[in-house]
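> Need coordinates for the following:
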Amino acid sequence: MGVPIFCIGFGFPLGWYIAKRVTVTTAKVKDVFRTVLLYAIATSAFTFVVMSVLWGPTIPMLLDPNSDFANFGIPLILYDPKISFIGWLVLMILISPFLQLLTTLFASYLTLLGWLKEDASGG
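Down below sits the predicted model:
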């Protein structure tokens, strides 16, 4: 149905891989952080495009007074079906790519911190 839980979870191994790949090609800390951020933005932008393609065609349902939001198949996370539908669209199209960006950055920065700790201890 287009729920990007796998894309968000994929941010963890992706962040590790990005950190590993970037540190092989450059050693400057500023360049490493910039490149990691650019790769993370690129992956979340791809998720945003995919979610827009999947869920964007349902936006005109908001203007149709005969739309049946209660039986559309989304969870009723708020008390009104139409408000739940709006919340679901915001969650899918906007918040999910942002969460993927955060998980990718978090994993890559943790990886870089781990390697920095290893280098400082002489490992």
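> most centrally placed residue in this protein?
residue 100 (2.0 Å; C-alpha atoms, centre = their mean).
> What helix or strand is it located in?
Taking DSSP states H and E as the definition, one finds residue 100 inside helix 96-120.
> So for that helix, what gets flagged as buried?
Judged by neighbour count using 16 or more other C-beta atoms under 10 Å, the buried positions of helix 96-120 are 96-97, 99-101, 103-105, 107-109, 111-112. Where C-beta positions appear, they are placed from N, C-alpha and C, glycine not excepted.
> which residues sit against stretch 4-21?
By C-beta atoms under 8 Å, 6 or more residues apart in numbering, the surrounding residues in contact with stretch 4-21 are 32, 35-36, 39-40, 43, 47, 50-51, 92, 96-97, 99-112, 115.
> on that earlier part again, now for the helix holding residue 100, which elements pack on it?
In this structure, helix 96-120 makes packing contacts with helix 5-25, helix 29-55, judged by 3 or more C-beta pairs under 8 Å, 6 or more residues apart in numbering; DSSP states H and E.
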